[in-house]
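Trainee: show me the folded form of this:
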Amino acid sequence: MNQLDQTYNNAAEHTKIKILEDIDRYLGSKEQMPTYQEYLSERLHYIDQIWVNVWLNKITTKISKHDKKKYLAEKGYESENVDRKLINHLFRAEMKDYRPFKTSEWLNDLFEGNTEEWAERFRKARAFYLQKVEEERLLQKKYVIRETIEEKADEIIDQEYSLLYLYVRHMTSKQLASDFQNKIRYHHVDTFALEEKLEETGSFDPDDYKTTADFLEELTGNIHKTLYWGKGYFEYETFYYVYKSLVSGYLSDILQTLFLQKLPQHLFDEYQEAYEKPITGKSIKKQIAHTLHDINENFFESIQEEYVEDLLKLADIPFDPLVHKELLEKDLIDREREKAEKFAELQRKKEEEARMLENIFSQEYSPSLEKAKRYILHIGETNTGKTHHALEGMKSARSGMYLAPLRLLALEVYDKLNRDGVPCSLKTGEEEKVVTGSEHLSCTVEMFHEKDFFDAIVIDEAQMITDKDRGFSWYKAITKANANEVHIIGSRSAKSIVLQLLGDADIELNEYSREIPLEVEAKEFKFNHVRKGDALICFSRKRVLETASRLQQEGHSVSMIYGSMPPETRKKQVQRFINGETSVIVSTDAIGMGLNLPIRRIVFLENEKFDGIKRRLLTSQEVKQIAGRAGRKGLYNIGKVAFTKDIKRMKALLEMVDEPVHTFAIAPTNTVFERFQKYYRDLGTFFELWDKFESPKGTKKAALTEERDLYERIQGTEIEAKLGIMNLYGFLHLPFSKKEHDLIRQWEETMYAIIDGNELPEPRIKNRNLEELELTYKAIGLHLLFLYRLEQRTEALYWERLREEISDHVHERLKTDIKELSRKCRRCGKKLSWEHEFQICNDCHASRSRGKYNYYRGN
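Mentor: Residues are numbered from 1 along each chain as shown. Presented below is the predicted three-dimensional model:
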């Protein structure tokens, strides 16, 4: 093995060198020459170890892995598929005793009996050792001198710190006065925008600048190179860099003079002796570079805080330390007094603002019950009969009002009461249906008005009191209900907060539990498991339509529910399921609110939903609200729940004990706006104050994000100028889908028509496909919101009839369009199988991955 022989020879030569180095170190440290035998007796073991260490290191690094494995194989070791570290360990163990280099024999050949060679070796080693000792002594002496000079220099700086700053301040003032008189001012641009030509704007006016820092932002007209994150860039120069260099120069000049004047003479002598050259101010400055850097930074920061007016007065006054010290002290006193006055003014404004915020907001959000004589709470899970009992109480009353969380629920109760022979009218923001002789009203919770008296009021889904945008409507309804009897329906999580709000009122608490138990299926759901009475749950309109299409193509009759579906269409879809015309229903979580349906099993096709910000796991309350729809008394003895994955995790969410909610949402009221208008008249300021207002303990403020976004579109326009603040906020607060660009544009066009006194623009009717029909339905809904707010009820009747026709068209299109629907690749349009997990096909995914790979390779 040639490589092994060559490595052996190299190791032997390397060992010889290291042994001779050890001899020189040994001999050099001895005052009297030891004998060769004395050396061997003390160092023989170490000498032998040198060979072992050198040899093992050489063979580990110089012999290839292939040769190591070959050698080990010849020795009977199994070396294939063996870890590299183990290969090295085995090889070193085998080679440790391979042809040991005989160090003693080699040394004996050199020195045994050769006293002259040994003596010459001692003489050279001792001379080299003594030379190193002397060098170390000189280095130590220089170090001590440097330390002493540095300490003395620091003492001088401490003693003369004030004088140093006075000098730098004076020199800066002279330069500043010169620059104001002689330099040209340029229009400010981004310093890195070198493609922009600088424009002169005249000379500098000192009155334009409060502090030196303000002036230092100005451009000098030159281009310089600067460093950012270790890289050099060219940019337009500002006076900041000029003055930073000047301050450093002034300080350097005066320090060199001071050091040479004040350092003790013995340090000059000691320095001359050690370094064989005289000490200079420059050499001292170099020794205290770190300290000097810190002083530079401190002085430059102080210079930037100086008032321009103070420095300019200083420029023509000859430098006298006592005079300049008095001037600086006076300027500092004046500056501190001004800061104190500004701080006091700021505190006064803060206190005034705090009192204003207290006056405008805080008084409004302290719970206080009004008028209601008795409260009946209906607390329980979904599908426990709590809504039924509350509605029965309202039906038996002389007059009653039902407050719904959604327009579709208001419609359902309106229909139910009229079917049951209790005349009931309907009022939402988008419609009014007056039934002759009715003393009952079904409406959305936002339609509640505390001055309207009813014998009984039903408030549904009271847990919505925590909703950050709409929760205040429930708070207001619960605390301001004007009735003999108020029925409050809610989940177990709402019990604590509702009882807290009601305080010591007359309360009857009814708690409900499911008579029909829920059972989570042990096996993951598959599509071929679909049965009659199933409700399949997913969390987007697109997924609902795709799932319904798949089921229809597989021979199932399907109803659908999703959030943007017109309530009239939903009603028809649900009725088909109730009547048995369809066997399966596919829905979003919109199914969680509403009257009970004959659902045998709830199937969660997804465990996550997009909440407007990110995809997240369903909460326990969401799982319970939806799963609770399974099971119908009289039809099914058990309600079943199925999941497509993570059954154990989702079951835990379903069985989790409800945590009580402890906060309710608050939002602006008419009273708040009336108080606000005593101080200001624009909504922009109102939104700023709403942000500053600290929500009282146990409450959380409505975000007002949508209202603010709409306001920014019309801020400063004729709309804001011509409408009162409360009227304008009412229009901003209209409940429509503010994520639809077409609806935002319609809202804006309608607002301009209102202030110009023109007829309201009619909503655009589009009906080419299902999406356009649904958008048209929303557009008519927005139009109706305006009509009812402007009390144009006659015209509203026409648009209500037209909207019903649109909902009929949506219902029919759902029957036809869904049959032809298929899943397609979002990029190339290729048809995808229903089981395909992603929104793009495999080919598009592969090409995109190759593109990213090639991009990163190129970069």
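Trainee: determine the longest helix present in the chain.
Mentor: Within the chain, and with DSSP state H defining each element, the longest helix by residue count is helix 115-159.
Trainee: and it, what does it pack onto?
Mentor: helix 2-28, helix 103-111, helix 239-262, helix 265-275, helix 281-287, helix 289-305 (3 or more Cβ pairs under 8 Å, 6 or more residues apart in numbering; DSSP states H and E). For glycine as for every other residue, the C-beta is placed from the backbone atoms N, C-alpha and C.
Trainee: by mean pLDDT, show me the worst of the ones you listed.
Mentor: Ranked by mean pLDDT, the helices and strands packed on helix 115-159 end with helix 281-287 at the bottom, a mean of 80.
Trainee: need the contact partners of that one.
Mentor: Arg146, Ile149, Glu150, Ala153, Ser252, Leu255, Gln256, Thr257, Phe259, Leu260, Leu263, Leu292 (Cβ atoms under 8 Å, 6 or more residues apart in numbering).
Trainee: the residues you listed into TSV, with extra columns for neighbour count and distance to Ser396?
Mentor: As requested, the contacts of helix 281-287 are exported to TSV (neighbours: other Cβ atoms under 10 Å; distance: Cβ to Cβ, whole Å):
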residue	neighbour count	distance to Ser396
Arg146	17	101
Ile149	22	102
Glu150	15	97
Ala153	21	98
Ser252	15	96
Leu255	23	97
Gln256	16	102
Thr257	11	103
Phe259	23	102
Leu260	13	107
Leu263	19	105
Leu292	19	92
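Trainee: pick the one among the residues you listed closest to Ser737.
Mentor: Nearest to Ser737 out of the contacts of helix 281-287 is Leu292 (Cβ to Cβ; 65.6 Å).
Trainee: residues touching that closest one, list them.
Mentor: Contact analysis of Leu292 by Cβ under 8 Å, 6+ apart lists Leu251, Ser252, Leu255, Lys285.
Trainee: which parts of the stretch 401-550 of the chain are helices?
Mentor: 407-419, 471-480, 495-502, 541-553 (DSSP state H, counting those that start in this stretch).
Trainee: winner for burial among these?
Mentor: helix 471-480 (a mean of 22; mean count of other Cβ atoms under 10 Å).
Trainee: the nearest residue to Arg793 once chain neighbours are set aside: how many residues sit nearby?
Mentor: Nearest non-adjacent residue to Arg793, counting by Cβ to Cβ, 6 or more residues apart in numbering: Glu432, 6.8 Å away. Neighbours of Glu432 under the rule other Cβ atoms under 10 Å: 18.
Trainee: that older thread, excluding its own residues, what touches whichever helix or strand comes after the longest helix of the chain? List them.
Mentor: Counting by DSSP states H and E, the element after helix 115-159 in chain order, helix or strand, is helix 161-182. Residues outside helix 161-182 that contact it (Cβ under 8 Å, 6+ apart): 157, 203-204, 206, 212, 215, 239, 243, 246-247, 250-251, 254-255, 258, 295, 299, 302-303, 306, 308, 311-312, 314-317, 319, 321, 324-325, 328.
Trainee: list only buried entries from the residues you listed.
Mentor: Those of these that meet the buried threshold are 157, 204, 212, 215, 239, 243, 246-247, 250-251, 254-255, 258, 295, 299, 303, 306, 308, 311, 314-315, 324, 328, by 16 or more other Cβ atoms under 10 Å.
Trainee: and stretch 60-71, end to end?
Mentor: 13 Å (Cα to Cα, to the nearest Å).
Trainee: can you pull the buried residues of that stretch?
Mentor: Ile63, Asp67, Lys68, Lys69, Tyr71.
Trainee: these: which two are farthest apart?
Mentor: Largest separation among these by Cβ to Cβ: Ile63 and Lys69, giving 10.3 Å.
Trainee: got the contacts of Leu292 as JSON lines, with distance to His662 columns?
Mentor: Shown next, in JSON lines, are these (distance: Cβ to Cβ, whole Å):
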{"residue": "Leu251", "distance to His662": "61"}
{"residue": "Ser252", "distance to His662": "65"}
{"residue": "Leu255", "distance to His662": "65"}
{"residue": "Lys285", "distance to His662": "66"}
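Trainee: quick revisit: tabulate the helices of the stretch 401-550 of the chain (TSV), appending mean pLDDT and distance to Leu683.
Mentor: Below are the helices of the stretch 401-550 of the chain laid out as TSV (pLDDT from 0 to 100; distance: least, Cβ to Cβ, whole Å):
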stretch	mean pLDDT	distance to Leu683
helix 407-419	91	27
helix 471-480	89	18
helix 495-502	89	30
helix 541-553	90	33
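Trainee: let me have those helices in a markdown table, extended by distance to Thr444.
Mentor: Output for the helices of the stretch 401-550 of the chain, formatted as a markdown table (distance: least, Cβ to Cβ, whole Å):
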| stretch | distance to Thr444 |
| --- | --- |
| helix 407-419 | 5 |
| helix 471-480 | 8 |
| helix 495-502 | 20 |
| helix 541-553 | 22 |
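Trainee: got the helices and strands packed on helix 115-159 as TSV, with distance to Glu338 columns?
Mentor: Below are the helices and strands packed on helix 115-159 laid out as TSV (distance: least, Cβ to Cβ, whole Å):
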stretch	distance to Glu338
helix 2-28	72
helix 103-111	84
helix 239-262	23
helix 265-275	46
helix 281-287	37
helix 289-305	12
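Trainee: between these, which one is nearest to Ala397?
Mentor: Taking Cβ to Cβ, helix 289-305 is the member of the helices and strands packed on helix 115-159 nearest to Ala397, at 74.0 Å.
Trainee: after that closest one, which helix or strand is next?
Mentor: helix 308-314.
Trainee: backbone phi and psi for the residue most central in space within the chain, please?
Mentor: Among the residues of the chain, Ile613 comes closest to the average C-alpha position under Cα atoms, centre = their mean, at 11.0 Å. Ile613 adopts backbone torsions of phi -120, psi -50, taken as degrees, to the nearest 10.
Trainee: could you do Gly631 as well?
Mentor: According to degrees, to the nearest 10, Gly631 has phi 90, psi 130.
Trainee: and it, how many neighbours does it have?
Mentor: 26.
Trainee: mean confidence (pLDDT) on the lengthiest strand in the chain, please.
Mentor: Longest strand of the chain, by residue count under DSSP state E: strand 219-228. Taken as a whole, strand 219-228 has an average pLDDT of 89.
Trainee: and the end-to-end length of stretch 92-104?
Mentor: So stretch 92-104: terminal residues 23 Å apart, Cα to Cα.
Trainee: circling back: the residue nearest to the centre of the chain and Val82, how far apart?
Mentor: Here Ile613 is placed at a distance of 53 Å from Val82 (Cβ to Cβ, to the nearest Å).
Trainee: which element is Glu78 on?
Mentor: For Glu78, there is no host helix or strand (DSSP H and E).
Trainee: and it, how many residues sit next to it?
Mentor: By other Cβ under 10 Å, neighbour count at Glu78 equals 9.
Trainee: please apply the same query to Lys701.
Mentor: Using other Cβ under 10 Å, Lys701 has 19 neighbouring residues.
Trainee: that one against Phe693, yeah?
Mentor: Yes - counting by Cβ atoms under 8 Å, Phe693 is a contact partner of Lys701 at 7.1 Å.
Trainee: ok, back up a step: the longest helix of the chain: how far from the chain's middle?
Mentor: 59 Å (Cα atoms, centre = their mean, to the nearest Å).
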